[in-house]
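Participant: just coords:
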């Protein structure tokens, strides 16, 4: 499959997609943020086939997004929980959810809402901010070669 | 394919995945943010087969992420550009890129950097903020049924 080719791409997005794997993966991570921990609960809430769920959970454990925790003696019951790397995806998940609520579901049609548990106030949309903390428009973002830029990237930006 | 089932899910993430389609789609959008507009340039930079590229571009146009613009008379040359809905994905793309740079590529190994074109300063990481503009930890996010919650969601949250 063409997916294999992403591995060789010198691109942070492609490398993230390599780890996040496929769409089921992101929905499994969403479930984790909703508190799901057991195989049977992932199965029930996602309506996903056992074999697909097994392979995606294994992939997420191998890539350090989930940890498999023994919750009873002698391996009779396991649970899955997000690692620090996995928890750190809440910014990405929030950005996708907010974009979808704005452009696809539409205002007033949100299946879920997220509030601040300390104050009960809604969480504002995630924004790209400048160094002063002000919202920056997309046209003011300047993309440039980074420290690990290869020749292809340098050529694209006309950097000698 | 199981992907079809996402359509029926009452979930903003699943609906976003339905539109964003597959990983190639996100890389095509990344290319747009890098300034790519022509079919042949997408093909060159992504190393993607013509038929796959065609179908993904069509999907993105049909879902109002890209617009196909005639740049010469009588349809002899077209370019693709992001719609407002497509441009609004820069928050999501930034969040994915920053997560990947932090956890996969590693600090000092970024292929690309993004700066503020007005000041030359780096763009800080996208964060989930509370209503006061302070960073909020994931454990303080409280997920609850929204206005479009169905019975399944209400049951999950034990709401009568």
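Facilitator: Ah, there it is. Quick caveat: nothing in here was measured; it's all calculated off a predicted structure.
Participant: would you say residue A:113 is within a strand?
Facilitator: Yes: looking at residue A:113 with DSSP: H, G, I helix; E, B strand; the rest coil, it is inside a strand.
Participant: wait, doesn't it sit right on residue B:144?
Facilitator: Yes: Residue A:113 lies in contact with residue B:144 (CB atoms under 8 Å); the separation is 5.4 Å. C-beta coordinates here come from the backbone N, C-alpha and C atoms, glycine included.
Participant: of the two, who's got more company?
Facilitator: Each of residue A:113 and residue B:144 has its neighbours counted (other CB atoms under 10 Å in any protein chain shown); residue A:113 has more, 17 against 14.
Participant: ok, now which ones touch the more buried one?
Facilitator: A:122, B:143, B:144, B:145, B:146, B:147 (CB atoms under 8 Å, 6 or more residues apart in numbering or on different chains).
Participant: ChimeraX command for the buried members of these?
Facilitator: Buried subset of the contacts of residue A:113, written as a ChimeraX selection, criterion 16 or more other CB atoms under 10 Å in any protein chain shown:
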select /B:143,145,146
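Participant: which stretches of chain A form helices?
Facilitator: Along chain A, the stretches classed as helices by DSSP state H are A:12-20, A:23-33, A:39-46, A:50-62, A:84-87, A:90-100, A:151-156.
Participant: which of the ones you listed sits most buried?
Facilitator: Stretch with highest mean neighbour count among these: helix A:90-100 (a mean of 24; mean count of other CB atoms under 10 Å in any protein chain shown).
Participant: which residues of chain A score low on pLDDT?
Facilitator: The model of chain A has pLDDT under 70 over residues A:1-6, A:75, A:159-160.
Participant: one more time with 90
Facilitator: For chain A, the stretches flagged by pLDDT under 90 are A:1-11, A:13-14, A:16-24, A:70-77, A:138-139, A:152, A:156-160.
Participant: okay if I get the contacts of residue A:113 as CSV plus distance to residue B:155?
Facilitator: Compiled in CSV, those are given as follows (distance: CB to CB, whole Å):
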residue, distance to residue B:155
A:122, 23
B:143, 15
B:144, 14
B:145, 10
B:146, 15
B:147, 17
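Participant: which of the contacts of residue A:113 lies closest to residue A:61?
Facilitator: residue B:143 (23.7 Å; CB to CB).
Participant: wait, that closest one sits on residue A:112?
Facilitator: Yes: using CB under 8 Å, residue B:143 is in contact with residue A:112, at 5.7 Å.
Participant: list the contacts for the residue most central in space within chain A?
Facilitator: In chain A, the residue lying closest to the centroid (CA atoms, centre = their mean) is residue A:89, at 4.5 Å. By CB under 8 Å, 6+ apart, the residues touching residue A:89 are A:29, A:65, A:82, B:99.
Participant: distance of it from residue B:16?
Facilitator: Separation of residue A:89 from residue B:16 (CB to CB, to the nearest Å): 14 Å.
Participant: got it, and residue A:7?
Facilitator: Noted for residue A:7: a distance of 25 Å to residue B:16, by CB to CB.
Participant: cool, residue A:12 as well?
Facilitator: In terms of CB to CB, residue A:12 sits 20 Å off from residue B:16.
Participant: residue contacts, residue A:59?
Facilitator: Contacts of residue A:59 (CB under 8 Å, 6+ apart): A:21, A:25.
Participant: sorry, that was for residue A:112
Facilitator: So residue A:112 contacts A:97, B:11, B:12, B:143, B:144, B:145, B:146, B:149, B:153 (CB under 8 Å, 6+ apart).
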